[in-house]
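Chemist: one predicted model, sequence on top.
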Amino acid sequence: MIKLPSAAVVSRAPLPASYEAAKHAMTQAVRIDEVKDWKDRATALASYARQQEDRSLETMALKIRARATRRCGELMGEFQPHGPKGGRPSTNGGREAPVSQRGAARAAGLSKDQERQARRLAAIPEQEFEEMVERDEPATLTELEQRGKRALERPKPEGFQEATYAMGAMRRFSDHCKANPPSRIASGLEDDELKEVLRTARAVQEWLGRFEQIIQRRLEK
């Protein structure tokens with residue numbers, strides 16, 4: 001994890017570089033408690049900047065806080081809303097695997113209000129979220145939450161929850177593939193695992209081929 005530097009260090013660093021590093025770190029994060037730490041640090045940094053009357057630093061911290069809140073909501077979306085089935089294995093400090101969004105949020109130290117806020121920010125369409133956060137005067141969490149609330153009130157298509165989980169799984173797998181060439185993964189397999197892995201890879205390849213065709217047809221409409 002790329003740690004958010006201390007307020008004093010960040011105040012002396014080139015802000016664009018610090019902000020881009022923070023954005024990248026959050027997109028790579030797969031643990032809710034990890035991203036919550038980003039939000040808490042950004043909140044403290046914004047307070048520090050306000051006291052120092054450093055508007056540029058405060059603006060950066062507010063943008064990071066908004067992005068961290070949204071990322072928490074995205075990660076919670078990979079868990080089943082109510083359980084008891086579903087959800088991915090625990091990645092939050094070795095605790096027992098949560099089986100619901102509330103369980104995952106609680107394990108990461110999020111209150112119900114914080115969970116609701118994060119889920120609402122995650123519901124904002126990406127382009128609209130970017131525009132709201134990147135404007136000269138970034139949208140407040142309250143403003144973003146209200147926009148997300150309206151988005152959540154729209155009916156969701158069938159398979160929405162499964163699509164959310166699949167998007168997260170594909171994103172994580174894509175990142176893993178970028179960091180590990182096929183030769184490295186293949187060399188790490190035991191001989192008795194080769195046939196099973198090959199069957200799995202072919203099944204995934206076939207599924208992704210059909211998935212790509214469906215998405216392409218929708219894009220062409």
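Modeler: Cool, the structure landed.

Chemist: so which residue is dead centre in this structure?
Modeler: Geometric centre of the chain, nearest residue: Arg71, 3.4 Å, by C-alpha atoms, centre = their mean.

Chemist: off-centre distance for the longest helix along the chain?
Modeler: Looking across the chain with DSSP state H, the single longest helix is helix 194-220. Taking C-alpha atoms, centre = their mean, to the nearest Å, one finds the center of helix 194-220 at 24 Å from the center of the full chain.

Chemist: and that helix, what does it pack onto?
Modeler: Counting contacts by 3 or more C-beta pairs under 8 Å, 6 or more residues apart in numbering; DSSP states H and E, helix 194-220 packs against no other helix or strand. In this view, the C-beta of every residue, glycine as well, is placed from N, C-alpha and C.

Chemist: spatially nearest residue to Ile124 (excluding sequence neighbours)?
Modeler: Gly148 (4.8 Å; C-beta to C-beta, 6 or more residues apart in numbering).

Chemist: which ones are touching the residue nearest to the centre of the chain?
Modeler: Going by C-beta atoms under 8 Å, 6 or more residues apart in numbering, Arg71 touches 26-27, 29, 35, 38, 122.

Chemist: please redo it, this time with the cut-off set to 10 Å
Modeler: 23, 25-30, 32, 34-36, 38-39, 118, 121-122 (C-beta atoms under 10 Å, 6 or more residues apart in numbering).

Chemist: most neighbours, which of those?
Modeler: Within the contacts of Arg71, most neighbours by other C-beta atoms under 10 Å means Ala118, with 31 neighbours.

Chemist: and the helix or strand Met60 falls within, what's buried?
Modeler: Taking DSSP states H and E as the criterion, Met60 maps to helix 55-76. Neighbour-count burial for helix 55-76 flags 57-76 (criterion: 16 or more other C-beta atoms under 10 Å).

Chemist: likewise for stretch 167-176?
Modeler: For stretch 167-176, using 16+ other C-beta under 10 Å, the buried residues are Gly168.

Chemist: hmm, who's touching it?
Modeler: 27-28, 30, 74-75, 77-79, 88, 185, 204, 208, 211.

Chemist: flag the least confident of the residues you listed.
Modeler: The lowest pLDDT within those belongs to Arg88, which sits at 39.

Chemist: need the contact list for Leu62.
Modeler: Leu62 is in contact with 42-43, 45-46, 49-50, 133, 137-141, counting by C-beta under 10 Å, 6+ apart.

Chemist: mind doing that once more with 7 Å?
Modeler: For Leu62, the contacting residues are 46, 138, by C-beta atoms under 7 Å, 6 or more residues apart in numbering.
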